[in-house]
Each structure stands twice: as C-alpha cells, then as structure tokens.
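got a predicted structure here, sequence first:
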Amino acid sequence: MQERTSAGAAITPAQPSIWRTEVADTVRLSWPMALTQLGQIAMMTSDLALLGRLGEHVVAAVALAHTLLFAAFVIGMGVVSAVAPLAAQAFGARQPRMVRRSLRVGLWAATLLGLPLGFGQIYGKDMLVALGQSPEAALLASDYLYGLAWCLVPAWWFIAIRGFMGAVNRPEPALWITVAAIPANLLLAYALIYGAFAAAGAVRRWARDQFREYRHVRGRGLDRLCFAAVQEILDPRALLARDWALLGRLFWVGAPISGSFLLEYGLFAAAALAMGWLGTVELAAHQIALQIASIMFMVPFGISMAATVRVGHAAGRIDSAGTRRAGFAALVLAAAFMATMTVLVGISREQIPALFLGDAANDAGATAALAATLLLVGASFFIADGVQTVAAGALRGLNDTRVPLLFAAICFWAIGFSACYMLGFTLGWGAIGIWIGLSLSAMLYAVLLVWRFHRLTKRGYLPVLGTA
C-alpha cells in the first residue's frame, strides 16, 4: 500500500475547540449533501407512494425492477465516486489543474460504463424469470425498467460533478438542482402514472463564481458548468493526450468502491429475491421497510461524502492529525443522527406503512403488519448502516478502498448471506430472519471499517497524491 507520513506523524491530543471546529465544518459541508440525498430519495419515495395506490403487486414489481437497475447503477457509482477523494486531495494540496482533470476522467468513465449497462436493462424480464420470479411480476418490472434504462449516464455525470463541487467546498448547486427536480418529478410521475394531466419543463443551473478557478469554458457572465461537462466529454484530445494515467488511477481507487457497493447491494438484492420466493406480502413489506431505511440512510450517506472531502483535504495538505479528526467527527454525527431517527421510526412503525399503501392499506393488512415488524427488527441495522457508510467514506478520503472491499465480501456474503438464508429458510423465520441477517452483516462491517480507519490514522497514514 502506498503511503506518505507527515512530518509530525505522531498524533497528539487535540484541544476541544479544534474538535468543535471540525464538527462545525463537517456540518456545514454535509448538510447540503445530505439534503441532496434526501431530495433524491424523496423522488423515489413519492414514486413508490403513487405506485403503491395501484396495488401491492405493483410495489412488488417495482422492488424487482430496482433490484436489477441498482445492481448496474452501483457499478458506475463507485467508480465516479472516486472523483471526490481525488479532487479533494488535489484541492488540499492546492493543485487546481488536478481537480479539473479528476472531474474530466470521471465524466469519461461514466459514459464508457453507462452505455452498455443501460442497454442491458432491456433484458430485465428474462433475467428476473431466470432468477425464479413469476413471469407476471417480471413482465411488469420490465415495463418499469424500459423507462429507467437511459438514466445511468446522466445519473453518474451528476455524481461526478457533485463530487467535484463538494471537493471545492461548494456543494450547494447540486442541492438546488435537486430541490427544483422534486416537484417536477412529482407532477410528471402523477401525469404518466394516472394520465390526469400533462406537464413539461426544464431546469437549468449555472455554476457560481466560486468555480472560476476550475472552469473549462471561458466567456462573459457566470461559468457554465453544465456546458463545461459536455465540452469535456466531446473533447477526446485531452484524455488521449495526458489523462490515461489519471483515468487508470480513478478506476484503481473507484473499482473497489464499486465492488464494495455491489457486494452490499447484492446482499439486499438477494434479500429482495428471497422475499419474492416467500410471497408478495413479504416482498411488498420488505420494500416499504427498506424504503424507510433508505430515507434514513441518506443523511449519513451525505455525511460520508463530507467525510471523504474533509479527510481528503487534510491528506492533501499533509495533516495526519486532521484526517483523524475529520473521520471521527463525521462518525459521531452519523451515529447520533441514526440513533435519534431509529427511536422515532420505532415509535411510528404502525403508521408508516399506510403512507405507502394509501387506501389499499385496508386490503393489505398483512403487508402493513409485517412492514411494521421489520421496522422494529431493523433498529440495530439502521444505526450500524449509518456508521459503516461514514467509516467507508472516511477511508475513501485516504484512497483506502481495497481492504474495505475484502471486509464487504466477508461481512455481506460469508456471514450476512449465510445468516439470512439460515434464519429465513432453514429455521423458518421468514422475512424477520432475513432482516436479522442483514443487521448482523451491517454491524460487523461497521466495526471492521471503524477499526481500519482508527488503525491507519493512529500511525499517521497518508495517501500518495498524483501530480498535476
């Protein structure tokens, strides 16, 4: 493993005021990121709520469709997520040219991966049938996939640009774009699902003057970041001339992130398929409970992105003590938030399923009751899931992605999948047993990642930076 050590690698106790400053800086950076994630999940949740009123069979089909789509999505998501640590380290090292190049190779990677993976979604029905799902549910899920297959490339572009914006301490534009998209998505989804009315519109967002140092399009007025992204994609000379090495480095850091995401999501995909084997009630209840978990997860996921940036900034300026403070400050924030939300979900677990089932709740009493039970069983899972994503984000700020990949393989499959199958099927605990298995895997993964970050930062580890 390549590493640097700062001149003062030994970690000395920090004053309380330094920790307070670190927590405050992390909060300032993470709240727009967390709200952006919540905005994106709000669109997915509103879609699910609208679809749920068509019946639990539709909710089950959507769960199957998301299983395939997100299996493809996380492959590119991990790779383009590497833009954030690379750009953050360059920003901390005062290398604006490397910041620009990190964004460019991220956009290229998104395009190269997105085209074949998006095309593969049209075979969703055949894949689901091969995985043991009913032809009726697979057919309905495939209709949903036809509408979403095109989204991978622009979604990954957004992640790459958002990672760049966060790396230069300007995460707000991604939030404003998302805020504008929420009502547009709701109106269009309602119109297309129910055919009640037609709506159309467009959303534009110009980058602010703070991005001037990193711009690629020069001219009067504000920098046009969206046009800059298109220019980067359409100008292969820059990549061919000097950026093959950086593209390789992006994949070197990002491919293990994709692998970890895929192993984690693969376990949840397997859980969804297993729920499908148990029945429609179990699958629909699982989707409702998992959607709540996803909503809660978005805040620590936003904090994890801030942790990547803060740790990367400290690594770029060769501040080993700063990397440790940044990571543990983010961990404390995430744990406190998830503990609070877990209590609130536990209190309101009986009312939550009705939000998704609407008038159909009266005819889906078994689904609502099972969803409430799963929300209670998932209490330990919620907290562990928040901690593990922040610990993983902090490690990404150090470019440490391969050991977490090994941890993911052990926790999610050697232990998690085995526990899910044994408790759910061998012991006959059904959906509850599967959720207990998910909780065990998340808790072990969180413990190992926190231990890894503690071990690296205690000895003053710093990643080797690229050259501008």
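Noted; the coordinates are in hand. Small disclaimer: the values here were computed from a predicted structure and weren't measured. Residues are numbered from 1 along each chain as shown.

how about L250, what does it touch?
Residues in contact with L250 (C-beta atoms under 8 Å, 6 or more residues apart in numbering) are 79, 82-83, 86, 102, 105-106, 109. For glycine as for every other residue, the C-beta is placed from the backbone atoms N, C-alpha and C.

and it, how far from I182?
Using C-beta to C-beta, to the nearest Å, one gets 30 Å for the distance from L250 to I182.

if we can go back for a sec, ok, so of the contacts of L250, who is nearest K125?
Checking these against K125 by C-beta to C-beta gives V79 as the nearest, at 27.4 Å.

if you drop the residues flanking it in sequence, what lies closest to the closest one?
G254 (3.7 Å; C-beta to C-beta, 6 or more residues apart in numbering).

which strand or helix spans that neighbour?
helix 244-278 (DSSP states H and E).

show me which residues of that helix are buried.
Of the residues in helix 244-278, 246-247, 249-251, 253-276, 278 count as buried by neighbour count, 16 or more other C-beta atoms under 10 Å.

next one: that helix to chain centre, how far?
In terms of C-alpha atoms, centre = their mean, to the nearest Å, the centre of helix 244-278 is found 11 Å from the chain centre.

kindly report the same for stretch 279-293.
With C-alpha atoms, centre = their mean, you get 20 Å for stretch 279-293.

what's it in contact with?
Residues contacting stretch 279-293 (C-beta under 8 Å, 6+ apart): 44-45, 48, 56-57, 59-60, 62-64, 268, 271-272, 275-276, 345, 352-353, 356-357, 364, 366-368, 370-371, 374-375, 378, 381-382, 385, 430-431, 434-435.

and if you look at stretch 327-342?
19, 22-23, 26-27, 30, 296, 299-300, 303-304, 306-307, 310-311, 379, 382-383, 385-387, 389-391, 393-395, 397, 450, 453, 457.

repeat the analysis, applying 6 Å as the threshold.
Stretch 327-342 is contacted by residues 22-23, 26, 296, 299-300, 303, 307, 311, 379, 382-383, 386-387, 390, 394, 453 when judged by C-beta atoms under 6 Å, 6 or more residues apart in numbering.

same check, this time on stretch 17-33
By C-beta under 6 Å, 6+ apart, stretch 17-33 touches 171-172, 175, 302-303, 305-306, 310, 325, 329-330.

spatially, which two of the residues you listed are the most separated?
Using C-beta to C-beta, the two most remote members of the contacts of stretch 17-33 are L175 and R325, lying 25.3 Å apart.

looking at the contacts of stretch 327-342, which are in helices?
Of the positions in the contacts of stretch 327-342, 22-23, 26, 296, 299-300, 303, 307, 311, 379, 382-383, 386-387, 390, 394, 453 sit in helices, assigned by DSSP state H.

and the residues you listed, which are buried?
22-23, 26, 296, 299-300, 303, 307, 311, 379, 382-383, 386-387, 390, 394, 453.

give me the helix or strand of the chain that scores worst on average pLDDT.
Sorting the helices and strands of the chain by mean pLDDT, DSSP states H and E puts helix 225-234 at the bottom, at a mean of 48.

for L462, what are phi and psi?
phi -140, psi 140 (degrees, to the nearest 10).

surely it touches A315?
Yes. The pair L462 and A315 passes the contact test of C-beta atoms under 6 Å, sitting 5.2 Å apart.

which of those two has more neighbours?
A315 (28 against 24; other C-beta atoms under 10 Å).

quick one: contacts for the more buried one?
89, 323, 462-463.

and it, how close does it get to A369?
A315 is 49 Å from A369, by C-beta to C-beta.

how about V253?
45 Å.

cool, L247 as well?
Distance of L247 to A369, given as C-beta to C-beta: 51 Å.

try L283
15 Å.

same deal with A24?
Relative to A369, and taking C-beta to C-beta, A24 is found at 43 Å.

out of those two, name the residue with the larger neighbour count.
More crowded of A24 and A369, by other C-beta under 10 Å: A369, with 14 against 11.

which SS class is the more buried one?
Secondary structure for A369, judged by DSSP: H, G, I helix; E, B strand; the rest coil, is helix.

next one: the one 4 residues further on
The three-state assignment at T373 reads helix, by three-state DSSP.

so what's it up against?
By C-beta under 6 Å, 6+ apart, T373 has no neighbours at all.

buried ones in stretch 136-150?
Neighbour-count burial for stretch 136-150, counted by 16+ other C-beta under 10 Å, picks out 137-138, 140-142, 144-145, 148-149.

repeat for stretch 451-463
Under 16+ other C-beta under 10 Å, the buried positions of stretch 451-463 are 452-453, 456-457, 460-463.

output those as TSV; include the columns distance to Y445.
Shown next, in TSV, are the buried residues of stretch 451-463 (distance: C-beta to C-beta, whole Å):
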residue	distance to Y445
R452	11
F453	13
L456	17
T457	19
G460	25
Y461	21
L462	24
P463	22
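
and which of the residues you listed is nearest to S418?
R452 (22.6 Å).

wouldn't A82 be in contact with V253 here?
Yes. Contact criterion C-beta under 6 Å: A82 and V253 qualify, at 4.3 Å.

not counting sequence-adjacent ones, nearest residue to R162?
Of all residues not flanking R162 in the chain, A174 sits nearest, at 4.3 Å (C-beta to C-beta, 6+ apart).

now that neighbour, what's its secondary structure?
A174 is classified as helix under three-state DSSP.

kindly report the same for L54.
L54 - assigned by three-state DSSP - is coil.

residues near it, how many?
The tally of other residues near L54 (other C-beta under 10 Å) stands at 15.

what's the pLDDT at it?
Looking at L54, its pLDDT reads 71.

go on, T308?
T308 is assigned a predicted lDDT (pLDDT) of 96.

what's the neighbour count on it?
Using other C-beta under 10 Å, T308 has 32 neighbouring residues.
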